[in-house]
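Undergrad: Give me a 3D structure for the following:
(one chain, ligands or ions: 2)
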Amino acid sequence: MDFSSFEKIVEFAIAREEDAIQAYGAMSGKAKVPGLKNLLLELRNEEKNHKRLLEDLDKKELKDLEIKDVLDLKISDYLVEEPLNGDVTFQDLLIFAAKKEQKAVELYTVLRDRLDRPEFIKLFDYLIEQEKNHKLKLEAEYDDSVYQED
Ligand SMILES: [Fe+2]
Ligand SMILES: [Fe+2]
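TA: Ligands and ions are numbered 1, 2, ... in the order given. From the prediction side, this is the model:
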């Protein structure tokens, strides 16, 4: 991976957001429960917003971004991810998606540390917060579903 310039970093991040949009599209197609399907589509929309932010890099918009601390439930960290072939369970989808979000957080943290302009660091801090939030939503849903089955 070539992260030698800001343009390359942004290009890479845009490709990752594109991948997330595709992945949530595919996952929502596999979700049988309406609540889960809606959550996956909602996350897909947020990934679209991230892609747009990276493509526009509008100074005013970057200045207005709000960044909050996000709780990490760490549920998926200790679970094994199954490939999403054929019939997948509710839990498989949630673990798969949560692990993907964790990877996004890690990647954006690496990219962020290569930046020097405050407005762009802020953009990546925002993206990190957003992906952490996605992981939290997915893990909270997982937690709920496990309790429902008991
Ligand atoms: Fe994203
Ligand atoms: Fe995400």
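
Undergrad: To which secondary structure element is A13 assigned?
TA: Element membership for A13, per DSSP states H and E: helix 6-30.

Undergrad: what's the spacing between that helix and its chain's center?
TA: Relative to the centre of its chain, helix 6-30 is centred 9 Å away, using C-alpha atoms, centre = their mean, to the nearest Å.

Undergrad: which helices and strands sit right next to that helix?
TA: Contacts defined by 3 or more C-beta pairs under 8 Å, 6 or more residues apart in numbering; DSSP states H and E place helix 6-30 against helix 34-56, helix 90-112, helix 118-149. Every residue, glycine included, has its C-beta placed from N, CA and C.

Undergrad: buried set for the last one?
TA: Residues of helix 118-149 classed as buried by neighbour count (16 or more other C-beta atoms under 10 Å): 120, 122-142, 145.

Undergrad: Tell me, please, where in the protein the pLDDT is lower than the cut-off.
TA: By pLDDT under 70, the low-scoring segments of the chain are 1, 149-150.

Undergrad: picking up where we left off before, out of the helices and strands packed on helix 6-30, which comes closest to D2?
TA: Comparing these against D2 with C-beta to C-beta, the closest turns out to be helix 90-112 (11.9 Å).

Undergrad: Can you tell me the closest non-neighbouring residue to the residue of the chain found nearest ligand 2?
TA: Using C-beta to the ion, H134 is the residue of the chain that sits closest to ligand 2, at 3.7 Å. Spatially, and ignoring its direct neighbours in sequence, H134 is nearest to E101 (4.5 Å; C-beta to C-beta, 6 or more residues apart in numbering).
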